[in-house]
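In: I would like to see how this sequence folds:
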Amino acid sequence: MSKIDPNAHEARGWHAGGYSPPVKLFLTGAAGDPGALAGVEVAGFPIELSIIDEGGFPGVEDVADSAAAVVQVATDDPATVAQFGALARATDVPMLAAAFDPPLSFVRQLVRAGAHDVIPLPLDIADLETSVQPIASELATKTRSAHVGLEKSIMVIKSEGGVGATALSTQLATRFAANEAAAGRETCLLDMDMQFGDAAFVLGLKPRLTLADLIQAEERLDGALMRTVATDHPSGLKIVSAPNEILPLESLSAEHAFRILNLAKAEFGTVFVDLPMNWTNWSLSLMTRADMVLMVTELSIPSLNRARRQLDLLNSQGLGDIDVRVVVNRFEKGLFKKLTRSDAESVLGREVAYTICNDHQTMSEALERGVPIAEVKRRSALGKDLDILDSGLAGALGLER
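Out: Purely as a prediction, here's the structure:
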């Protein structure tokens, strides 16, 4: 058996939305034409073709790590149905059979043996798409059902520009995503700072598709497009990047912002939302959907005063009952610091929930390299503070790990 990847010129199995497992075809030379499959996808999955000998049959290890496997069977060989059934029972990969002019009785035998469908040969891409689409829909449904009851949103706002909110939220989100992935769940970061957002950039990513594509999709926006636009980070975090070009804040309506957030939660479960510094009707409206808000500020009188004004704005808009947790970034500890945690709480009129220590060197190197801080320094006070924040969020949102 020889494998021929008709899309080998591309990064195998990778798309704008991250890794997508292939549909593996196991066909004889007479049934498989690699040239005709170049650049072709079925139901959003790339194709991988393996040429098998007459009478040959793939094993469990051959079909592993695929979205579905299509195996050619011979209508004149009764043993082929038994072989197909044994393979279907030995793997969780959805199995489809392919045959030249299969009689109805033969199709029924294959379906009873575990075939999701039987595709006629020579192979027609439209037939293959029709057969694979229900499998793709079933996978999407399973993914969404895993998030039922766990759809949460965490809005990140800042007292002012320059307090390190984006650096903090991206580093927090990667840790949160890695821990959620270990529990079998997903996490997304929506960078909705349409003018100055750079969450993807500081994590070393350069997405081709961005939030702008979700905005332009209008009525075509759905879960499949959401996953296509979201870019995978090695931590498991899905990132919807801010637009590559500066867009007017008015480009997004409150209704469309709601739809984007709701779809992200339905697809991924927990969603971090990095909001723009300037308030808009849609960003204030999104706050009503927040399960938690992180207000990022610094330990300085100007920054704390601006944070207090932000909190006062939320109260004036009837949003005072939202769970807002103040995070003091670049927190200095020691006997000779000018301001204390108590001073911050006095200015804000509320408790400081979390402090993140000032480790400029570690954070700067992580940002320059576009990596999580754990890759810069395995153990650090900064990492410990982020772990405390991560655990606090998970506990408050009811996410068992």
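
In: where exactly do the helices run in the stretch 1-150 of the chain?
Out: Along the stretch 1-150 of the chain, counting by DSSP state H, counting those that start in this stretch, helices occupy 34-37, 60-63, 79-90, 104-112, 125-145.

In: between the ones you listed, which one is nearest to G236?
Out: G236 lies closest to helix 125-145 among the helices of the stretch 1-150 of the chain, at 13.5 Å (Cβ to Cβ). From N, CA and C alone the C-beta is placed, and that goes for glycine too.

In: Just put the helices of the stretch 1-150 of the chain in a markdown table and tack on distance to R175, mean neighbour count and mean pLDDT.
Out: As requested, these are exported to a markdown table (distance: least, Cβ to Cβ, whole Å; neighbours: other Cβ atoms under 10 Å; pLDDT from 0 to 100):
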| stretch | distance to R175 | mean neighbour count | mean pLDDT |
| --- | --- | --- | --- |
| helix 34-37 | 40 | 14 | 57 |
| helix 60-63 | 34 | 16 | 93 |
| helix 79-90 | 38 | 17 | 93 |
| helix 104-112 | 46 | 15 | 91 |
| helix 125-145 | 22 | 15 | 77 |
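
In: Was I right to think I215 contacts S251?
Out: Yes - when contacts are counted by Cβ atoms under 8 Å, I215 is listed as touching S251 (6.1 Å).

In: out of the two, which sits in the more crowded spot?
Out: I215 (18 against 15; other Cβ atoms under 10 Å).

In: okay, now the domains of the chain?
Out: As assigned by automatic domain parsing, the chain contains the domains 2-144, 146-396.

In: Comparing these by mean pLDDT, which bottoms out?
Out: Ranked on mean pLDDT, the bottom entry among these is domain 2-144, at a mean of 80.

In: what about that one, distance to the chain center?
Out: Distance of domain 2-144 from its chain centroid, counting by Cα atoms, centre = their mean, to the nearest Å, is 26 Å.

In: Same question for stretch 176-187.
Out: That offset, for stretch 176-187, works out to 10 Å (Cα atoms, centre = their mean).

In: Would you mind measuring from I157 to P276?
Out: Applying Cβ to Cβ, to the nearest Å, the value for I157 to P276 is 9 Å.

In: and if you look at L319?
Out: Taking Cβ to Cβ, one finds L319 at 17 Å from P276.

In: of the two, who's got more company?
Out: More crowded of L319 and P276, by other Cβ under 10 Å: P276, with 19 against 16.

In: Next, the more buried one: secondary structure please.
Out: coil (DSSP: H, G, I helix; E, B strand; the rest coil).

In: Setting aside sequence neighbours, what's the nearest residue to it?
Out: Excluding the flanking residues, the one nearest P276 by Cβ to Cβ, 6 or more residues apart in numbering is D193, at 4.5 Å.

In: ok, now A88?
Out: G114 is the one closest to A88 (Cβ to Cβ, 6+ apart), at 2.9 Å.

In: pretty sure P207 is touching A242, no?
Out: No - counting by Cβ under 8 Å, P207 sits too far from A242 to count as a contact (9.6 Å).

In: what sits in contact with each of these two?
Out: A200 (Cβ atoms under 8 Å, 6 or more residues apart in numbering).

In: Which of those two has more residues huddled nearby?
Out: A242 (27 against 21).
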